[in-house]
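In: when you get a sec, could you give me coordinates for this:
(one chain, ligands or ions: 1)
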Amino acid sequence: MEKGNKIYEGKAKKVYETDNPDLLIQEFKDDATAFDATKRGTIKGKGSINNYISKILFELLESKGVETHFVKQIDERNMLIKKVEIIPLEVTIRNIVAGGMSKLLGIDEGMVLNEPVLEYHYKNDALHDPLINEYHARALGLIKDEELNIIEKKSFEVNNILKSFFDHKNLYLVDFKLEFGRHKGKVLLADEISPDTCRLWDKDTRKKLDKDRFRRDLGDVEDAYEEVLRRIKG
Ligand code: TMP
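Out: The predicted model follows:
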């Protein structure tokens with residue numbers, strides 16, 4: 001499948017047209033940003049690792065009945081995806097307190113939550129992806145009620161599947177962010193699922209094996225991404 005025009009370039013990925021109007025190519029970059037791109041850097045090999053990890057996780061989810069935009073891996077950095085209209089909501093699910101929730105509510109990182117917490121953030125960098133609730137999402141016309149029900153149900157399903165998968169790899173799935181898109185009347189899981197978009201901690205040592213190593217200058221960033229790929233391949 002040949003790359004056509006580039007139609008989008010984000011912080012971590014580029015998206016290209018193909019000769020099929022329903023399909024796009026998503027290319028994963030080594031670029032990393034944090035704090036609304038005020039911190040920038042590169043993580044060597046991240047693009048190919050995140051492409052591979054996302055492929056494995058999308059295939060896992062598809063095998064459990066969660067429909068995604070993933071079609072196939074093309075090569076190291078590129079995956080073929082279904083063209084979707086991205087819904088401008090970032091869905092975050094948290095199993096353990098960290099990052100934004102720790103800051104917002106003044107709770108130490110590491111508290112295991114009694115039940116998973118689902119958050120919606122309005123996808124808008126200029127506003128720093130503000131936390132909103134489902135009333136905002138509906139009232140602002142970002143999403144229809146039926147779609148909101150679908151993404152809520154799917155997000156908890158994804159959490160159950162991924163939490164158990166990572167548990168077998170001796171990793172805690174602390175939290176993660178999902179994006180969904182519309183494709184031919186269906187709502188598909190889109191974007192990527194990788195250590196850029198999940199927090200993963202080693203179960204024995206609680207070592208962070210995700211983008212927090214870059215955000216917080218903890219070192220061993222590349223090694224952490226490689227370690228996640230090694231564990232989930234094994
Ligand atoms: P947060 O604690 O900073 O809100 O992040 C929650 C999860 O979402 C975490 O796993 C990292 C992921 N995330 C993204 O994928 N993109 C983002 O822009 C942010 C802020 C977080």
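In: interface residues of the chain facing the ligand?
Out: By CB under 6 Å from any ligand atom, the residues of the chain that approach the ligand are T92, A98, G99, G100, M101, D129, D175, F176, K177, T197, C198, R199. Any C-beta I mention is one placed from the backbone N, CA and C, and that applies to glycine too.
In: go with 5 Å
Out: By CB under 5 Å from any ligand atom, the residues of the chain that approach the ligand are T92, G99, G100, D175, F176, K177, T197, R199.
In: out of these, which are buried?
Out: Listed as buried from the residues of the chain next to the ligand are T92, D175, F176, K177, T197, R199; burial here means 16 or more other CB atoms under 10 Å.
In: element containing the third one, please.
Out: Put plainly, it is F176. Applying DSSP states H and E as the criterion places F176 in strand 171-178.
In: the longest strand in this structure is where?
Out: Of all segments of type strand in the chain, defined using DSSP state E, the longest is strand 112-122.
In: which stretches of this protein aren't confidently modelled?
Out: Within the chain, no stretch falls below the threshold (pLDDT under 70).
In: helices of that one, residue ranges please.
Out: 46-63, 99-105, 134-139, 145-167, 212-215, 221-233 (DSSP state H).
In: can I get the CA coordinates of the shortest one in CSV?
Out: What that stands for is helix 212-215. The C-alpha coordinates for helix 212-215 follow below in CSV (Å, rounded to 0.1, in the frame of the first residue of the first chain):
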residue,chain,number,x,y,z
ASP,A,212,6.6,9.3,32.7
ARG,A,213,10.3,8.4,32.4
PHE,A,214,10.5,11.1,29.7
ARG,A,215,8.1,13.6,31.3
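In: which residues does that helix contact?
Out: 32, 34-35, 39, 41, 43, 98-99, 199, 218-221, 224 (CB atoms under 8 Å, 6 or more residues apart in numbering).
In: which of those lies at the shortest distance from L113?
Out: Using CB to CB, A98 is the member of those that lies nearest L113, at 10.5 Å.
In: count the residues that sit near T205.
Out: By other CB atoms under 10 Å, the residues close to T205 number 9.
In: now do it against the ligand, distance only.
Out: Distance, T205 to the ligand, using CB to the nearest ligand atom, to the nearest Å: 19 Å.
In: what does K186 give?
Out: Taking CB to the nearest ligand atom, one finds K186 at 23 Å from the ligand.
In: which residues touch the closest residue to that residue other than its chain neighbours?
Out: With sequence-adjacent residues excluded and distances taken as CB to CB, 6 or more residues apart in numbering, K186 is closest to E67, at 6.5 Å. By CB under 8 Å, 6+ apart, the contact list for E67 reads K186, L188, L189.
In: same deal with I74?
Out: M1, I25, L80.
In: please redo it, this time with the cut-off set to 6 Å
Out: Under the criterion of CB atoms under 6 Å, 6 or more residues apart in numbering, the neighbours of I74 are L80.
In: who's in contact with L57?
Out: Per CB under 6 Å, 6+ apart, neighbours of L57: I193.
In: where's it relative to the ligand, distance?
Out: Separation of L57 from the ligand (CB to the nearest ligand atom): 13 Å.
In: for that residue, give its distance to T205.
Out: The gap separating L57 from T205 is 23 Å, by CB to CB, to the nearest Å.
In: over to G99?
Out: To T205, G99 is 19 Å away according to CB to CB.
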